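Visitor: Provided below are the primary sequence and the corresponding predicted coordinates.
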Amino acid sequence: MPQLALFNTLKREKQIFEPLDPNHVRLYACGPTVYNYAHIGNARMAVVFDLLTRVLKTLYPKVTYVSNITDVDDKIMQASKDTGEPIDAITRKYETIYNDDMAALGCDKPDIQPRATEHIGDMIALIEALIERGHAYDADGHVLFNVPSFENYGGLSGRSRDEQVAGARVEVASYKKDAADFVLWKPSNDDEPGWDSPWGRGRPGWHIECSAMSEKHLGLPFDIHGGGADLKFPHHENEIAQSCCAHGESDLAAFANVWVHNGFVTVEGEKMSKSLGNVTLVHDLVGKYPGEALRLTLLSAQYRQPLDWSVEKIQQNKKQLDRFYARLDEMKDMDATPDAVPESITAALCDDLNTPQALAEMNALLKEENSPELKSKLLAAGRVLNVLQKDPAAWLGFGGDNQDSDIQALLDERTAAKAEKNFARADEIRDELAAQGIEIVDTPEGPKWRKAN
RNA sequence: GGCGCGGUGGCAGAGUGGCUAUGCAGCGGAUUGCAAAUCCGUGUACACCGGUUCGACUCCGGUCCGUGCCUCCA
């Protein structure tokens, strides 16, 4: 069996992945805060961890992938104030949109997708444990994690004590014993979402939800914890501190064994930001381009590398898919048994998800003659990456032969013209249709047409 | 300032101490009434300067440049 190597941020090196329990691999990735449409950066995280889960599922008998929905957060409250929509309506709406958009990118829904608001009790229990162990304190309705109480704090992001700063959501400096202390629980006004707690009516800080939900659904320690590179600090650092301290552990790996962080997406060379107005929403993209082309584009760079998003790149990856689908179309009548993923592709993916290498290996397959074996290999490789599973003719756009009698009439006329060597008329018809965005492709089975792109 | 990442052919993007991916674009050719697709051929590129080595794009040191995090952020 091939061995999976992953770059472990915690150790800062690529390591052979060794599951804590080979019969059940467990991973968690920090999901979105649902107050707006997901952007292409959210999508990269979703696609990367979807792929990682697929690869793990080819290697191990049971894999549980948990990715949360953050549905309590000050940004959501702000969105509610801005739009007048109730908080629940906002979070449910964008949760649904998120899942739909990620599905369009070929991401399976995580095995478990917990909502923060449904785990408040677990968070409170965790906070209580932290207070009992002397790692947290309450101050006027706030509960803070005391960073100096955890000797190994900072081990993930590599920051020394002096450099630590607060990762709190709100300004509570006056309550802090240490500048680096961060909020576990904070009081809510009457018009804000809140839950009863030993410290009064309030709501959780950001980091505690992931500690609570990952432990609840996966148990501690679990194998892999992931998210975007920017979450390393403070979010993941604080998660580790909370989870370790709540259980009296000093080893950072007592929470999650391997940490995986995906790189950032820039757009046309610039960082995505609201001020630049270049936040690229998945929702807009899935309306314009095939989800599979978007997925492949997100996988066109190795996951840890920065990825620059551009229309040109989408089109390039779409073409790539066209080539694969064209070959699959040629082999449409062959029986394929896509069970075994070609070794070269498994090897590439097992090398820290080297998707560009996997793509290169798939291109190498195209050098082979058409055969049931080749078809099987392509489909099996495509299945791991979750591409190439569609009907080739439909992908290539040749599905609509019988749907438009006007076009069919012109095609018939052109065929007749060609038979009479009236090429002037034949070309005229080609031009006419081209003007309508219709492309004629002559094949051994006769002319076909599709919408040009 | 602290921590980190990166500079590869026109573009994208892997990788390796010697055998110099892959895709897109370009160019030449084949094929096609035309077109598309396809096929064949075509590019010794690895920021700069030193060092190690029989040999470095790959290892080490330095320089320059770009970039991420350190505040909410995937």
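Guide: Sure, I can see it. Numbers count the residues shown, from 1 in each chain, chains lettered A, B, ... in the order given.

Visitor: contacts and neighbour counts: CA atoms only from here.
Guide: Fine.

Visitor: For RNA strand B, what's the nearest residue on the stretch 201-350 of chain A?
Guide: Relative to RNA strand B, the nearest point of the stretch 201-350 of chain A is residue A:228 (2.5 Å; CA to the nearest atom of the strand).

Visitor: Quickly list what that residue is bridged to.
Guide: According to DSSP bridges, the partner residues bridging residue A:228 are residue A:262.

Visitor: got the contact list for residue A:344?
Guide: Counting by CA atoms under 8 Å, 6 or more residues apart in numbering, residue A:344 touches A:358, A:361.

Visitor: Only alpha carbons, please: show the helix or strand where it lies as PDB.
Guide: Here residue A:344, judged by DSSP states H and E, is contained in helix A:343-350. In PDB, the C-alpha atoms belonging to helix A:343-350 read as follows (Å, rounded to 0.1, in the frame of the first residue of the first chain):
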ATOM      1  CA  GLU A 343       0.100   3.800  -9.400                       C
ATOM      2  CA  SER A 344       1.700   6.900 -10.800                       C
ATOM      3  CA  ILE A 345      -1.200   9.000  -9.800                       C
ATOM      4  CA  THR A 346      -1.600   7.500  -6.400                       C
ATOM      5  CA  ALA A 347       2.100   8.100  -5.900                       C
ATOM      6  CA  ALA A 348       1.800  11.800  -6.900                       C
ATOM      7  CA  LEU A 349      -1.200  12.400  -4.600                       C
ATOM      8  CA  CYS A 350       0.400  10.600  -1.700                       C
END
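
Visitor: so does the strand or helix carrying residue A:44 get close to RNA strand B?
Guide: According to DSSP H and E, residue A:44 maps onto helix A:40-59. Yes: looking at helix A:40-59 against RNA strand B by CA under 7 Å from any atom of the strand, the contacts come from A:41-42, A:44-45.

Visitor: and which of those residues is nearest to residue A:448?
Guide: The nearest member of the residues of helix A:40-59 next to RNA strand B to residue A:448, counting by CA to CA, is residue A:44 at 36.2 Å.

Visitor: So which bits of the helix or strand in which residue A:414 is found are buried?
Guide: With elements taken from DSSP H and E, the one containing residue A:414 is helix A:405-419. Using 16 or more other CA atoms under 10 Å as the test for burial, helix A:405-419 gives A:407-408, A:410-411, A:414-415, A:417.

Visitor: between these, which is nearest residue A:256?
Guide: Distance to residue A:256 across the buried residues of helix A:405-419 (CA to CA) is lowest for residue A:407, with 59.6 Å.

Visitor: Now do the same for residue A:232: helix, strand or coil?
Guide: Using DSSP: H, G, I helix; E, B strand; the rest coil, the structure places residue A:232 in helix.

Visitor: number of nearby residues for it?
Guide: Residues lying near residue A:232 (other CA atoms under 10 Å) number 22.

Visitor: That one contacts residue A:157, correct?
Guide: Yes: Residue A:232 lies in contact with residue A:157 (CA atoms under 8 Å); the separation is 6.0 Å.

Visitor: Identify the contacts common to the two.
Guide: Common neighbours of residue A:232 and residue A:157, counting by CA under 8 Å, 6+ apart, are absent.

Visitor: can you give me the strands in the stretch 51-200 of chain A?
Guide: Along the stretch 51-200 of chain A, counting by DSSP state E, counting those that start in this stretch, strands occupy A:63-67, A:136-139, A:142-145, A:182-187.

Visitor: For residue A:247, which of these is the nearest?
Guide: Of all these, it is strand A:136-139 that lies closest to residue A:247, at 13.0 Å by CA to CA.

Visitor: Direction included, what does that closest one pair against?
Guide: Here, using DSSP bridges, strand A:136-139 pairs with strand A:142-145 (antiparallel).
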